[in-house]
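A.B. asks: okay, here's the prediction I keep looking at, along with the sequence it came from:
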Amino acid sequence: MMAITLLFAMSVSTQVVAQNKKKLLKQANKGIGEVQALVSTYYLRGIEGFEKDVEQATFWAKKAEESANAGSVGAQIWMAACLFKGDHLFKKNLDYALQWTNIALKNVNLQSDERERVLKLKQQISDEIEKEKRIRQEEIEKEKKLRQEEADRLAAEKIKRDPIGAVNDIERVIEDKSKPFSEVEAFAAKLMKIDNSEAKNKAIKKLIKNLQTMGTGYDSDKDLYLSYSHEGTGRGRQEMALAAKLQEYLIEGGDMQETINYAYRCRQSGDTKKAIQYFQQAADKGNAMAIRGLALCYEDENNKEKAFEWYTKLLEIDVSEQVAITAMNFFRKINRSDLILNTLEKLAASGNRDGMLRVGDIYRNGHDWSSKETGITVKKNYVTAIKWYKKANEAGSRAALFFMADCYWKGGNGITQNRAQAGKLYQQMLDESGISNVKISQAEPEERSEASYQFGYCLETGAGVVRDINRAWDFYCDSYEADAYYRRAVMLEKQWVKETLWPDARKRECRQLYQKAANKGHAKAKQALNRTYKTKTIVL
């Protein structure tokens, strides 16, 4: 305060300074701002004949401020200096001090030497303001850093405690596009740092799935694979980029499943070379999915030799239905029907029921059901067919009984015809199915028609089953075989011959059944249409 007082005392003429207390008070009462400021200082310090009086010092300081407002340059400068340093009269206020320097600089009475002093003071005030701003900002940043460190510590503890639960929490941020993606990136960084590898990897995979789904806008894996090359814009691109980073982290950590998943997605996006690179990593460790992926990639590139090599290796370690179908599709393309049959036999030998049925069908019919595509043709062998049908039946297939019965009904091709055995098998199939009427099979209509006739004949003749004419008639009705029409006509005719009166409608039905059989080339039906009976002639 003393320095400021001396500064302004120098601006007052020597004559004014020398005046006594009375003269100073007189001038102060006239509103001279510089004198008012001087009087205030004298009262505050108790010098130059003024007793120390803080109340009077405050009074004259306020008067000096009013004089400054009225336009006194000296008072304006004095106010700026007082507010800059702060003293007993004025609390330090840099912003207010800066305002007083600006007021002084605009004053028309400001002299050049005073302008220089004011500009210097203004610079000092401005420097002090910037310094305080920096200090405040540093304090704010420090406090913010401490709060963030505490939040990070709590978040890290939660992630370590329950990684999956933490991912569930961050999913809300992923779904809410208005929230900053930096939160997700920071979370991913924390997640990768925790030690619990098993739970951590599961959580990372869940996070990857969520990021990819949101990044592409697709829900299913299939659609996700097809859209993997989607670059996206803005948030979507960020999500896909972070997902890729997390995948790379898992792959570098030796996660085989994620390596394979990434390779399959590369293949779906058309990057076959990259897919082969990652498939190879897992295939070298004997992973069947990776080997299948390699085979598919080389097939994509039309490298038949390499594709054949990897499909062959694949079938040595995995003969599941999906693998077998994939391999057989390739063998069909290269016209290797022998390998298709070999693959089917491996599939059947592995316990696959459908495989057993299909191999049995090949040896029963002498060709594959899709022979036009597969090219499989073999010599009929009912012995081999029945062997596979028995295995299929043991594995729970009732249809296998149906096909075995057909083998015994027809006979030949390695076995003796045995219609009684065929009847037993048909009956067993119906008993296991819980069906007692004519729904003998869910097979193709032609096979069902033939089987219905065969079992109807067994019921009519008692071959392997209890003879039952009524049931036989029902099964004949479920068949459109020529023999079935003929047997029904014969059954009607026998009934007609025994009866003395027979409606014309039944006569017409009998002749129509013979006609249907004859139309299908049945020789005995043709003869029956022309013969005359002892008592009656068949008429329309």
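C.D. replies: Yep, that arrived.
A.B. asks: helix or strand: which one has Lys205?
C.D. replies: helix 197-216 (DSSP states H and E).
A.B. asks: in that helix, what's buried?
C.D. replies: For helix 197-216, burial by neighbour count (16 or more other C-beta atoms under 10 Å) applies to 199-201, 203-205, 207-208, 210-216. Where C-beta positions appear, they are placed from N, C-alpha and C, glycine not excepted.
A.B. asks: which residues touch Asn413?
C.D. replies: Residues in contact with Asn413, defined by C-beta atoms under 8 Å, 6 or more residues apart in numbering, are 380-383, 407.
A.B. asks: quick one: the helix holding Lys205 to chain centroid distance?
C.D. replies: Relative to its chain's centre, helix 197-216 lies at 9 Å (C-alpha atoms, centre = their mean, to the nearest Å).
A.B. asks: low-scoring stretches of the chain, by residue?
C.D. replies: By pLDDT under 70, the weakly predicted segments of the chain are 1-20, 68-72, 87-90, 216-233, 371, 433-445, 496-502, 532-540.
A.B. asks: one step back: and the helix holding Lys205, what does it pack against?
C.D. replies: Applying 3 or more C-beta pairs under 8 Å, 6 or more residues apart in numbering; DSSP states H and E, we find helix 197-216 packed against helix 163-175, helix 182-193, helix 221-226, helix 235-252.
A.B. asks: got the CA positions of that helix in PDB?
C.D. replies: Taking Å, rounded to 0.1, in the frame of the first residue of the first chain, the C-alpha atoms of helix 197-216 are listed here in PDB:
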ATOM      1  CA  SER A 197      -8.100 -64.600 -18.900                       C
ATOM      2  CA  GLU A 198     -11.000 -67.000 -19.100                       C
ATOM      3  CA  ALA A 199     -13.700 -64.600 -18.000                       C
ATOM      4  CA  LYS A 200     -12.000 -61.700 -19.700                       C
ATOM      5  CA  ASN A 201     -12.000 -63.500 -23.100                       C
ATOM      6  CA  LYS A 202     -15.600 -64.400 -22.800                       C
ATOM      7  CA  ALA A 203     -16.400 -60.800 -22.000                       C
ATOM      8  CA  ILE A 204     -14.300 -59.500 -24.900                       C
ATOM      9  CA  LYS A 205     -16.100 -61.900 -27.300                       C
ATOM     10  CA  LYS A 206     -19.400 -60.600 -26.100                       C
ATOM     11  CA  LEU A 207     -18.200 -57.000 -26.600                       C
ATOM     12  CA  ILE A 208     -17.000 -57.900 -30.100                       C
ATOM     13  CA  LYS A 209     -20.300 -59.400 -31.000                       C
ATOM     14  CA  ASN A 210     -22.200 -56.300 -29.800                       C
ATOM     15  CA  LEU A 211     -19.900 -53.900 -31.600                       C
ATOM     16  CA  GLN A 212     -20.100 -55.800 -34.800                       C
ATOM     17  CA  THR A 213     -23.900 -56.000 -34.600                       C
ATOM     18  CA  MET A 214     -24.300 -52.300 -33.900                       C
ATOM     19  CA  GLY A 215     -21.600 -51.400 -36.400                       C
ATOM     20  CA  THR A 216     -23.200 -53.200 -39.300                       C
END
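A.B. asks: quick revisit: which one of the contacts of Asn413 sits closest to Leu146?
C.D. replies: Closest approach to Leu146 among these (C-beta to C-beta): Asn381, at 84.3 Å.
A.B. asks: and that closest one, backbone torsions?
C.D. replies: For Asn381, the backbone dihedrals (degrees, to the nearest 10) come out as phi -150, psi 100.
A.B. asks: and the strands in the stretch 1-150 of the chain, which stretches?
C.D. replies: In the stretch 1-150 of the chain, no strands are defined using DSSP state E, counting those that start in this stretch.
A.B. asks: can you map out the helices along it?
C.D. replies: Using DSSP state H, counting those that start in this stretch, the helices found in the stretch 1-150 of the chain span residues 2-9, 14-18, 21-29, 33-45, 54-70, 73-85, 94-106, 112-161.
A.B. asks: what about the fourth one, distance to the chain center?
C.D. replies: So the one you mean is helix 33-45. In this view, helix 33-45 has its centroid 81 Å away from the chain centroid, taken as C-alpha atoms, centre = their mean.
A.B. asks: what angle sits between that helix and helix 21-29?
C.D. replies: Going by axes from the mean of the first three to the mean of the last three C-alpha atoms, to 10 degrees, helix 33-45 is angled at 130 degrees with respect to helix 21-29.
A.B. asks: name the helices or strands packed onto helix 33-45?
C.D. replies: helix 2-9, helix 21-29, helix 54-70, helix 73-85.
A.B. asks: next, format the helices of the stretch 1-150 of the chain as JSON lines and append distance to Ala186 and mean neighbour count.
C.D. replies: Formatted as JSON lines, these follow (distance: least, C-beta to C-beta, whole Å; neighbours: other C-beta atoms under 10 Å):
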{"stretch": "helix 2-9", "distance to Ala186": "52", "mean neighbour count": "14"}
{"stretch": "helix 14-18", "distance to Ala186": "68", "mean neighbour count": "10"}
{"stretch": "helix 21-29", "distance to Ala186": "66", "mean neighbour count": "15"}
{"stretch": "helix 33-45", "distance to Ala186": "57", "mean neighbour count": "25"}
{"stretch": "helix 54-70", "distance to Ala186": "53", "mean neighbour count": "18"}
{"stretch": "helix 73-85", "distance to Ala186": "44", "mean neighbour count": "25"}
{"stretch": "helix 94-106", "distance to Ala186": "38", "mean neighbour count": "18"}
{"stretch": "helix 112-161", "distance to Ala186": "8", "mean neighbour count": "13"}
